[in-house]
Structures are given as structure tokens and as C-alpha cells.
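Q: coords below, sequence missing:
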């Protein structure tokens, strides 16, 4: 697996189709929203990865555990200590 933040590496048509039609977390989103999200997330991810020694990243996934393990993520050591607040953001 290769992680890239280069926009030219992304097949936008395939990505939009997959996210809007097949994924459970972005199903039904418009191409415009997905493109804007991609622009914003790539910039944010670049900043985080540049300063990675300063950050701890928390990721939530339903079914992509193996993909994220392959790039260094692992399960929480003490999941019973984490709390969640949903204010409808």
C-alpha cells in the first residue's frame, strides 16, 4: 500500500462513485462535497503527518481494520477508558 497526498494520484471519478454509491460513511454525498472534502482532508493530513511526533491519531472504522493496521494503526490498549459525546455536529 502507498499513501499519497498528490491530487494527481487520485482517480476522482472512481473515488466519487465508490464513496457516494458503495461506502457506508459517505453514501449519497455529492461529487462537489466529496471533492471539497478531499481538498481539505489532504491539506490537514499533510500537516498532521509533517508533525506526526506531536500527534496521536484516533481512527474509527467499521470494516477496514486490516488496511489501517498495515500503515501502523493498532487497537486501543484500554478502550473501556474512552468516552464519546455526540452533540449532532
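A: Yes, it's here. Just so you know, these numbers come straight off a predicted model, no measurement behind them. Numbers count the residues shown, from 1 in each chain.
Q: Same question for residue 87, what's its three-state structure.
A: coil (DSSP: H, G, I helix; E, B strand; the rest coil).
Q: dump the residue contacts of residue 38.
A: Counting by C-beta atoms under 8 Å, 6 or more residues apart in numbering, residue 38 touches 7, 10, 12, 15. C-beta here means a position set from N, CA and C on the backbone, and glycine is covered the same way.
Q: For those, give me TSV that also has neighbour count.
A: TSV is the format used below for the contacts of residue 38 (neighbours: other C-beta atoms under 10 Å):
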residue	neighbour count
7	11
10	15
12	12
15	16
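Q: quick one: which of these is nearest to residue 34?
A: Using C-beta to C-beta, residue 15 is the member of the contacts of residue 38 that lies nearest residue 34, at 7.0 Å.
Q: neighbours around residue 19, how many?
A: 19 (other C-beta atoms under 10 Å).
Q: wait, it sits on residue 29?
A: Yes: between residue 19 and residue 29 there is a contact at 6.4 Å, judged by C-beta atoms under 8 Å.
Q: one step back: and the contacts of residue 38, which of them are in helices?
A: Mapping the contacts of residue 38 onto helices (DSSP state H) picks out 12, 15.
Q: quick one: the helices in the protein?
A: Under DSSP H, the chain gives helices at 12-17, 31-50, 65-69.
Q: between those helices, which has the poorest average model confidence?
A: Least confidently modelled of the helices of the chain is helix 31-50, at a mean of 74 by mean pLDDT.
Q: how close does residue 36 sit to residue 82?
A: Applying C-beta to C-beta, to the nearest Å, the value for residue 36 to residue 82 is 30 Å.
Q: This completes my enquiry, with thanks.
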